[in-house]
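>>> Based on what follows, work out the 3D shape:
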Amino acid sequence: MEALHNLAFGFEHALTWSNLMYCAIGCTVGTLVGLLPGLGPLATISILLPLTYSIPTGGALIMLAGIYYGAQYGDSVSAITMRIPHASSIVACIDGYQMTLKGKCGLALFTAGVSSFIGGTVAIVVLTFLAPSLGEVAFLFGPADYCALMLVGFVCVSFVTTGSLINGMSMCLIGVLLGSIGTDVNSGMQRFTGDLPFLADGVGLVSIALGCFGIAEITKNLDSGDERTPFNGTIKLMPTWPEFKRIIP
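All right, here's what the predicted structure looks like:
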C-alpha cells in the first residue's frame, strides 16, 4: 500500500499542465541533442542542465527525466538511420540499420520508440514494488556470487551473438581485457595504461562502438563507391496492421 500511496503522490504532482510542459520540452530537446554522435543520456543531461536553473525543483527534476528518456531515443535514431551507435543503442544499430537499408526506416523508428516506452514503463512499475526486496537480495551477494553472475552473463552473450559460440565467447574475453584498462576502483592503481594519462579512465564504450560500427560503415561505403541514403525516400512512421501484429509480441 505504501508503494501505491507514493505513486499516487507522484502522479498528483507530475500530472499538472506546467510539469507536463516541462517534460515535453525535455523530451524534445533531449532527443535533438541525443542525435549527436558520442553523446549519451548522461552527457546530454550535463549539457542541458542550465535549462533547469530557473524552474521550480519538481519541474526541473521532471524536465531532467524527460531529457534523459529523450536522449535515449535520440541514440536509437542515429543508430537506426546512420549506424552510429551510443552506449545504449548498439543492438538497435545492428537490426535497425538493416531495416533502414531495406526502406523500412520509419518502421524501425516506430518500433524502437514504442518498445522503449513499454519496456521503461514495465521496468519502473516492477522496481516500484520490488525495489526493497531486490535491495535485500543484493546485500546477500558476495564475491563468489558476482563471479557466477558474470559467467552466466558471458554464456548468455555467447549464445545470442551471431556466428559460432567460440566467436561470442572471444568477444566477451576481448571486452573483459578492454574493461580492465584504467584505474582500479578498489585499490586506485592504474592497470595496463602504459603510463598514458588518457587511459586512466579506461577505454570508453562509445569510442569502441563508433569505431566498430559508425566509422567502419562510412569507410565501407566510401570504398564501395555506392551512393546511399539511409532514408530511401519518404519515412512512414505508422506501420500497417500486419506489421503492428508482428511487433506486439
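>>> Can you check the pLDDT for the closest residue to Phe141 other than its chain neighbours?
Leaving aside its sequence neighbours, Phe141 sits nearest to Leu149 (Cβ to Cβ, 6 or more residues apart in numbering; 7.7 Å). Where you see a C-beta, it was placed from the backbone N, CA and C, and this is true even at glycine. Model confidence at Leu149, given as pLDDT, is 88.
>>> element containing Leu149, please.
helix 143-160 (DSSP states H and E).
>>> Which other helices and strands does that helix contact?
helix 165-179 (3 or more Cβ pairs under 8 Å, 6 or more residues apart in numbering; DSSP states H and E).
>>> Which residues belonging to the helix it packs on are considered buried?
By neighbour count on 16 or more other Cβ atoms under 10 Å, the buried set for helix 165-179 is 168-169, 172.
>>> Mind listing the strands whichever helix or strand comes after that helix pairs with, and their directions?
Sequence-wise, the next helix or strand downstream of helix 165-179 (DSSP H and E) is strand 182-183. Strand 182-183 has its sheet partners listed here by DSSP bridges as strand 190-191 (antiparallel).
>>> For the partner strand, give the mean pLDDT please.
81.
>>> Now find how far off-centre that strand is within its chain.
Here strand 190-191 is found 28 Å from its chain centre; the criterion is Cα atoms, centre = their mean, to the nearest Å.
>>> go on, stretch 68-78?
On the basis of Cα atoms, centre = their mean, stretch 68-78 sits 7 Å off its chain's mean C-alpha point.
>>> Also stretch 7-14?
How far stretch 7-14 lies from its chain's middle: 27 Å, per Cα atoms, centre = their mean.
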